[in-house]
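Chemist: Sequence and computational prediction follow.
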Amino acid sequence: MEPKSLFEKAVADSNTLHTKPSNETMLQLYSLYKQATKGDVNTGPPESPFDFVAKAKYEAWAALKGTSIKDAQDEYINLVNKLKG
């Protein structure tokens, strides 16, 4: 299977996990997905200092700056496979 297909399968599999991942793992999945599909963060931080969820998502994605799309896809695939057990 080619890498893009493996990534797309992992995305589909992430939506059908038997147990819901922790918030920390969900944040990791989110940031890896964004990096794998968009590349480096391309927006500014959230405007509201009280939107803690948006701030956490932004910071998690920004922390991956410089990670290649391929590496982010590989990490995402590995994480989903680990979660699947």
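Modeler: Here it is on my side, so go on. Keep in mind the model is a prediction, meaning the values are calculated, not measured.
Chemist: Grab the nearest non-local neighbour of Thr67.
Modeler: In space, and not counting its chain neighbours, Thr67 is closest to Gln35: 5.4 Å by CB to CB, 6 or more residues apart in numbering. Placement of C-beta: from N, CA and C, glycine included.
Chemist: I'd assumed Lys70 was in contact with the one you found.
Modeler: No. Gln35 lies out of contact with Lys70 (CB atoms under 8 Å); the separation is 10.4 Å.
Chemist: Compare those two (neighbour count), which wins?
Modeler: Shown here are Gln35 and Lys70; by other CB atoms under 10 Å, Gln35 has more neighbours (26 against 12).
Chemist: so after the worst-scoring helix or strand of the chain on mean pLDDT, what's the next helix or strand?
Modeler: Lowest mean confidence among the helices and strands of the chain (mean pLDDT, DSSP states H and E): helix 3-14, at a mean of 93. Under the assignment DSSP states H and E, the closest C-terminal helix or strand after helix 3-14 is helix 23-38.
Chemist: Mean confidence (pLDDT) on that next one, please.
Modeler: Helix 23-38 shows a mean pLDDT of 97.
Chemist: What residues sit buried inside stretch 30-37?
Modeler: Using 16 or more other CB atoms under 10 Å as the test for burial, stretch 30-37 gives Ser31, Leu32, Tyr33, Lys34, Gln35, Ala36.
Chemist: same check, this time on stretch 6-25
Modeler: Applying 16+ other CB under 10 Å to stretch 6-25 flags Leu6, Phe7, Ala10, Val11, Ser14 as buried.
Chemist: Okay, Asn42 and Asn15: tell me how far apart.
Modeler: 24 Å (CB to CB, to the nearest Å).
Chemist: Same check on Ile77?
Modeler: 14 Å.
Chemist: How about Lys65?
Modeler: 26 Å.
Chemist: Over to Pro45?
Modeler: Taking CB to CB, one finds Pro45 at 28 Å from Asn15.
Chemist: next one: Phe52
Modeler: On the measure of CB to CB, Phe52 and Asn15 end up 24 Å apart.
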